[in-house]
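Undergrad: How does the following fold in three dimensions:
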Amino acid sequence: MKYERSAPTVLNIEITDLCNEKCRHCYNFWRENNSSTNQMTKELMDKLLNDVIDSGVFHVVFSGGEPLENFKVLEYGLKKLCDNNISVSVNSNLAIATEEKIKRLIDAGVDHILTSLNSFDPKINDYIVNKRGTFERIIRGIELSVKSGIRISVNMIVSQVNKEHVYETGKLAYELGCQKIFGTRVIPSVNVEDVSQSDYKLEKEDVINILEQLVRIKEDTGIMIGTLVSYPLCLLKDLERYVDFVGRGCPGQSGHFMNINASGETHACVHEKVGHGNVFKIGLRKAYQNMNSWRDGSYMYEGCTGCDYIDICKTGCRMSSHAYSGKYNKKDNLMVNKDNFVKPYKIVYDESIYERIDNGLKFFVPKRLRFRKEFGFYLINIRWANTISSSNDVAEFLIRHRDSGEEFDLSSFGKEKREILAKLYFKDVVESRYIKYSDTKSKLGLSADFSEVK
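TA: The predicted model follows:
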């Protein structure tokens, strides 16, 4: 069954185009002739967030530009969303963060910030962001945030300039107390005329080297690793070794994501130039409907037809395809072929969970779960941006037990749904007070169809 959502579940809201940096790779370069000054007002924010709440969005990321440049509106938006049980996070370079601003962000409900650090080398980092002294300011912002208890993830945009700096930058992030480092391949801006003659083109061997550095820093320090732009899975080849980069897919094609500019213009991807309507004029749901070409398979590369991983990979990054070919449905420049796999991506459960379920193990539904009723199915939000689809009967059972706090076992859940109950447990939808989750957690990743519970 294909689950077609009525609206996105995750929004990236750019509350200002103003930024204290001018990164060479920034996708904002094409906006307003490179000197955009759009800034969302409190009144427009209020109008937008009323629509967000009404549409059942689960998670909102505030970004820019630099969102701290529009601090009062940021603070207002954070508080309003948290008051309406919508989780939030902030994307900020932290270069203009102060102790007072960090405290106010925490008071407004922020517990996670994604920041940018493109190299451990101050000169290279400042070259990439086009501003001297930025490295020291970012480091200070990270230190302030970590000291205050905010979880910090670092996003490193990797190009030819810094491709050998990934391990050392990850090491620095770990030493600063960051939770995670993303090694995100650069996606050339739409106004780069010849990508092949720029620093933005990464060859396949470059990317494998980048991923190897990330895997090594995880092995050496324990820091979490990932990417914010998908890598074609056929390039990865060994999906067991590179499991941390599997499952990202394409948020635009998956249908859970929407980007909203400070002007109100909407996009299915932050890198996309084409707009799908101004949210202040047509509303969130209509803008989402206008993005259907992203979700109906129109942008998928036909050469991936028949690949076992197409539902996860979504044929790689469509904006990479556009950057190199001018079209959304062509080959991702890092793609190999659908036969280039040596170790599969599979889910491996500790089989003992089934015996425990059969013996009457009791579960409960945590209060943090959020639900959205759709036509013929439900969406279940586990936490933050993590959402799965569910049949009506399963979701409504979970809602009743979340609200009542009553425990249940397989006999009341339905003996024919034994496999579903195990999936719900491993996906953190249900919990048990009688066993340690770490004792029975799956050994490797999630299956391709795990976003649905039927």
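Undergrad: Show which residue of the chain lies farthest from the average position.
TA: What lies farthest from the middle of the chain is N359; by CA atoms, centre = their mean that is 37.7 Å.
Undergrad: A173 and H271, how far apart?
TA: If you measure A173 against H271 using CB to CB, to the nearest Å, the figure is 24 Å. Placement of C-beta: from N, CA and C, glycine included.
Undergrad: what do you get for D238?
TA: D238 sits 28 Å away from H271, going by CB to CB.
Undergrad: neighbour-wise, which of the two wins?
TA: Between D238 and H271, H271 has the larger neighbour count (other CB atoms under 10 Å), namely 21 against 13.
Undergrad: and the closest residue to that one other than its chain neighbours, what are its phi and psi?
TA: Nearest residue to H271, sequence neighbours excluded (CB to CB, 6 or more residues apart in numbering): M319, at 4.1 Å. M319 has phi and psi values of phi -80, psi -30 when expressed as degrees, to the nearest 10.
Undergrad: got it, and H256?
TA: Phi and psi for H256, reported as degrees, to the nearest 10, are phi -100, psi -10.
Undergrad: Can you tell me the number of residues neighbouring it?
TA: Using other CB under 10 Å, H256 is surrounded by 23 other residues.
Undergrad: how close does it sit to G249?
TA: For H256 relative to G249 (CB to CB), the value is 10 Å.
Undergrad: same thing with G297?
TA: 14 Å.
Undergrad: Could you pull out the helices in the stretch 151-300 of the chain for me?
TA: Using DSSP state H, counting those that start in this stretch, the helices of the stretch 151-300 of the chain run over 166-175, 204-221, 233-236, 251-254, 279-282, 284-289, 292-295.
Undergrad: I'd assumed F120 was in contact with E168.
TA: Yes: here E168 lies in contact with F120, judged by CB atoms under 8 Å, at a distance of 4.3 Å.
Undergrad: Can you pull the domain assignment for this protein?
TA: 10-325, 352-453 (automatic domain parsing).
Undergrad: Select the longest strand from this structure.
TA: strand 151-158 (DSSP state E).
Undergrad: can you give me the offset of that one from its chain's centre?
TA: Offset of strand 151-158 from its chain centre (CA atoms, centre = their mean, to the nearest Å): 12 Å.
Undergrad: That strand - contacts with which helices or strands?
TA: strand 112-116, helix 134-148, helix 166-175, strand 180-185 (3 or more CB pairs under 8 Å, 6 or more residues apart in numbering; DSSP states H and E).
Undergrad: mind putting these in CSV, mean pLDDT included?
TA: CSV is the format used below for those (pLDDT from 0 to 100):
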stretch, mean pLDDT
strand 112-116, 98
helix 134-148, 98
helix 166-175, 98
strand 180-185, 97
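Undergrad: Kindly state which of those is positioned closest to T41.
TA: Among the helices and strands packed on strand 151-158, strand 112-116 comes nearest to T41, with 23.4 Å by CB to CB.
Undergrad: contact partners of the closest one?
TA: 23, 61, 89-94, 105, 129, 138, 141-142, 145, 150-157, 182, 384 (CB atoms under 8 Å, 6 or more residues apart in numbering).
Undergrad: quick one: the spatially closest residue to Y328 that is not a sequence neighbour from Q213, how far?
TA: Excluding the flanking residues, the one nearest Y328 by CB to CB, 6+ apart is Y299, at 4.1 Å. Note on Y299: its distance to Q213, by CB to CB, is 30 Å.
Undergrad: and what of K367?
TA: The spacing between K367 and Q213, counted by CB to CB, is 40 Å.
Undergrad: More neighbours: which of these two?
TA: The neighbour comparison of K367 against Q213 (other CB under 10 Å) goes to Q213, with 22 against 9.
Undergrad: mind listing the strands for this structure?
TA: 10-14, 59-63, 87-91, 112-116, 151-158, 180-185, 224-226, 257-260, 266-267, 370-373, 378-383, 386-390, 452-453.
Undergrad: who wins for proximity to I310 among those?
TA: Going by CB to CB, the one of those nearest I310 is strand 452-453, 15.2 Å.
Undergrad: any low-confidence regions in the stretch 101-250 of the chain?
TA: 197 (pLDDT under 70).
Undergrad: Neighbour count for E168 and F120, which is higher?
TA: F120 (20 against 15).
Undergrad: pretty sure that one is touching Y174, no?
TA: No: judged on CB under 8 Å, F120 makes no contact with Y174 at a distance of 11.1 Å.
Undergrad: Find me the pLDDT at the spatially closest residue to N278 that is not a sequence neighbour, would you?
TA: Excluding the flanking residues, the one nearest N278 by CB to CB, 6+ apart is G264, at 4.3 Å. Here, the pLDDT recorded for G264 equals 96.
Undergrad: dump the residue contacts of the nearest residue to A7 once chain neighbours are set aside.
TA: Once flanking residues are discounted, A7 sits nearest to S55: 4.0 Å by CB to CB, 6+ apart. If you count contacts by CB under 8 Å, 6+ apart, S55 has them with 6-8, 284-285.
Undergrad: Recalculate using a threshold of 7 Å.
TA: Contacts of S55 were listed using CB atoms under 7 Å, 6 or more residues apart in numbering, and they are 7, 284-285.
Undergrad: do S119 as well
TA: By CB under 7 Å, 6+ apart, the residues touching S119 are 125, 128, 162, 165, 169.
Undergrad: run the last query once more with 10 Å
TA: 125-129, 135, 156-158, 161-162, 164-166, 168-169, 172 (CB atoms under 10 Å, 6 or more residues apart in numbering).
Undergrad: can you tell me how far it sits from S159?
TA: 10 Å.
Undergrad: so can I have JSON lines of the strands of the chain showing distance to T305 and mean neighbour count?
TA: Shown next, in JSON lines, are those (distance: least, CB to CB, whole Å; neighbours: other CB atoms under 10 Å):
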{"stretch": "strand 10-14", "distance to T305": "28", "mean neighbour count": "24"}
{"stretch": "strand 59-63", "distance to T305": "32", "mean neighbour count": "24"}
{"stretch": "strand 87-91", "distance to T305": "35", "mean neighbour count": "23"}
{"stretch": "strand 112-116", "distance to T305": "34", "mean neighbour count": "21"}
{"stretch": "strand 151-158", "distance to T305": "30", "mean neighbour count": "23"}
{"stretch": "strand 180-185", "distance to T305": "24", "mean neighbour count": "24"}
{"stretch": "strand 224-226", "distance to T305": "28", "mean neighbour count": "18"}
{"stretch": "strand 257-260", "distance to T305": "24", "mean neighbour count": "25"}
{"stretch": "strand 266-267", "distance to T305": "27", "mean neighbour count": "24"}
{"stretch": "strand 370-373", "distance to T305": "32", "mean neighbour count": "18"}
{"stretch": "strand 378-383", "distance to T305": "28", "mean neighbour count": "20"}
{"stretch": "strand 386-390", "distance to T305": "24", "mean neighbour count": "20"}
{"stretch": "strand 452-453", "distance to T305": "21", "mean neighbour count": "20"}
